[in-house]
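S.K.: coords please:
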Amino acid sequence: MKKTRQSLSSLFLKQVPAAERAHIRRLEEIQKVHEGHPFHFDDGNLRIMYLNPKCMQSAMKLDAPDELVCAYSRAVMGLLMFHPQPRHILLIGLGGGSLVKYCYRHLPDCRITVLEINADVIAMRDLFMLPPDDERLQVIHCDAVTHLQDNCYDADVLLLDAYDENGLVAELNTAEFYAICHANLVENGIMVANVWGKTSALAGMLSRLRQQFARQVSWTRSPDSYNLIVYAIKGALNQANEHAIKALSDQHPSLQFSALQDKLLSLPLSANYTDTEVELAALKLSLSTIMVPDANVPQNYADWKKQIDQ
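M.R.: The predicted structure is shown next:
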């Protein structure tokens, strides 16, 4: 049996406070009504999607549904530093549709295709104010692994943001699936993965991505959680210069590209790690500088909501 994903920053949380336990009990009561299916919870101006009481999937402000509430999603949009004008984005994992809504609104010349395996999640799209399918947006109910084996997309960007009630989906973070993702990108396309886990597991994911993407892989940790955001480039690396960063920041003021660029980590392209164990050790060392207890990461729901409300 798979282990249920721990909530928020519980990789480092030693003791769950009473208020957090009460909040989880309230969510458990809501989940019973929904008979174990994904559900939403409204708290003031926030609407939150949960896959289970310990797995917050997505959050939305009711008065600003296109805003990227969670910092990890803003970091994902760092993809624009590498590919500022994508024509087609392929997104694996719909959730509450935060990334879909942002891209639909702010990238008007871009087509968006979403692959989502959970019909219950798709059924909640109106609750999270996603636009209907049209010539620019298509949400497909499918298993991404089998779908991408039978269909080929020439995507400029592939966003891998797939979680289920047990956490990160292991089948979507294998060398075989990374190869499928690589094949569905145009030359000079970018794959962005939102991943989570222990340093040893994250190092293995980075190593597999580096092998598939000719070592052109960078990563950063989300400022408000312990999620790792990984950028893997197919073809020639084309990272924005200072002038381009300024232009992007003017177009997307909420994304803070300069701060994000300063926090990007990678291994030198000149370093030829022929020994996998040596490469893994170097990756673990890099991750150890950012995957550490951080006072800026909320330790419970109350702290998280306070940070969001600021």
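
S.K.: for the helix or strand hosting residue 158, what is the average pLDDT?
M.R.: Counting by DSSP states H and E, the element that carries residue 158 is strand 155-160. The pLDDT scores in strand 155-160 average 97.

S.K.: how about residues contacting that strand?
M.R.: With contact meaning CB atoms under 8 Å, 6 or more residues apart in numbering, strand 155-160 is reached by 76, 79, 83, 86-93, 99, 113, 172-173, 181, 184-186, 189-194. All C-beta spots, glycine's among them, are computed from the backbone N, C-alpha and C.

S.K.: again, but for stretch 284-295
M.R.: 12, 199-200, 202-203, 206, 219-221, 226, 228, 263, 265-267.

S.K.: ranking these by neighbours, who comes first?
M.R.: Neighbour counts for the contacts of stretch 284-295 (other CB atoms under 10 Å) peak at residue 206, which has 28 neighbours.

S.K.: what's the closest non-adjacent residue to that residue?
M.R.: Leaving out its chain neighbours, the residue that sits closest to residue 206 by CB to CB, 6 or more residues apart in numbering is residue 283, at 5.0 Å.

S.K.: what kind of secondary structure is that neighbour in?
M.R.: helix (DSSP: H, G, I helix; E, B strand; the rest coil).

S.K.: same thing with residue 287?
M.R.: From three-state DSSP, the assignment for residue 287 is helix.

S.K.: do the same with residue 190
M.R.: strand.

S.K.: which SS state does residue 250 fall under?
M.R.: helix.

S.K.: please name the residues that touch it.
M.R.: Contacts of residue 250 by CB under 8 Å, 6+ apart: none found.

S.K.: quick check, pLDDT for it.
M.R.: 92.

S.K.: how much space separates it from residue 258?
M.R.: 12 Å (CB to CB, to the nearest Å).

S.K.: and what of residue 108?
M.R.: 24 Å.

S.K.: and those two? Which one has more around it.
M.R.: Comparing residue 108 with residue 258 by other CB under 10 Å, the one with more neighbours is residue 258, at 13 against 8.

S.K.: name the element the closest residue to that one other than its chain neighbours belongs to?
M.R.: Computed as CB to CB, 6+ apart, the closest residue to residue 258 that is not its neighbour in sequence is residue 245, at 5.7 Å. For residue 245, the host element (DSSP H and E) is helix 242-251.
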